[in-house]
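>>> I would like the atomic coordinates for the input below:
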Amino acid sequence: MTLNEITRSAVLQAVAEYDRLGRDAFLERYGFGPSRSYLLEIDGKQYDSKAIVGAAHGYLSGREPLGRDEFSGGKNHAAKLLSDLGFEVVVRTVG
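Okay, here's the model as predicted:
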């Protein structure tokens, strides 16, 4: 498994599922907690970046979603993948 197999289309499919299910149900379905640092932002809406990447892997032909312990969500991993695919990734602000 490598994260670079994940496509922009797979990410958008995961985002659509997130929108359909809502944040809490999406995170529960895939076994992720809220993002600590990095959020995917599309059209002013924010998404938990690591959970989106994990779910997106399941939209690849013949693949299963990735669990939270199978990859890193940090700036050099899931957040970088999303940025490399042309998505905007923002740093979560506290407060």
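>>> Next up, the contacts around the residue nearest the centre of the chain.
Centre of the chain computed as the mean C-alpha position; nearest residue by C-alpha atoms, centre = their mean is residue 52, 2.0 Å away. Contacts of residue 52 were listed using C-beta atoms under 8 Å, 6 or more residues apart in numbering, and they are 11, 14-15, 18, 40, 78, 82. In short, each C-beta sits where N, CA and C put it, glycine included.
>>> Flag whichever of those scores worst on pLDDT.
pLDDT across those is lowest for residue 78, at 93.
>>> quick revisit: restricted to strands, list the contacts of residue 52.
Under the assignment DSSP state E, the contacts of residue 52 contribute residue 40 to strands.
>>> Output the contacts of residue 52 in JSON lines; the columns should cover neighbour count.
As requested, those are arranged in JSON lines below (neighbours: other C-beta atoms under 10 Å):
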{"residue": "11", "neighbour count": "25"}
{"residue": "14", "neighbour count": "25"}
{"residue": "15", "neighbour count": "20"}
{"residue": "18", "neighbour count": "22"}
{"residue": "40", "neighbour count": "27"}
{"residue": "78", "neighbour count": "27"}
{"residue": "82", "neighbour count": "28"}
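>>> thinking again about what came up before, can you tell me which helix or strand the residue nearest to the centre of the chain belongs to?
Here residue 52 sits within helix 49-57, counting by DSSP states H and E.
>>> CA atoms only: put that helix into CSV for me.
Taking Å, rounded to 0.1, in the frame of the first residue of the first chain, the C-alpha atoms of helix 49-57 are listed here in CSV:
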residue,chain,number,x,y,z
SER,A,49,-8.0,15.0,6.2
LYS,A,50,-6.7,11.6,7.5
ALA,A,51,-10.1,10.1,7.6
ILE,A,52,-10.8,11.3,4.0
VAL,A,53,-7.6,9.7,2.7
GLY,A,54,-8.3,6.4,4.5
ALA,A,55,-11.8,6.2,3.1
ALA,A,56,-10.6,7.3,-0.4
HIS,A,57,-8.3,4.3,-0.6
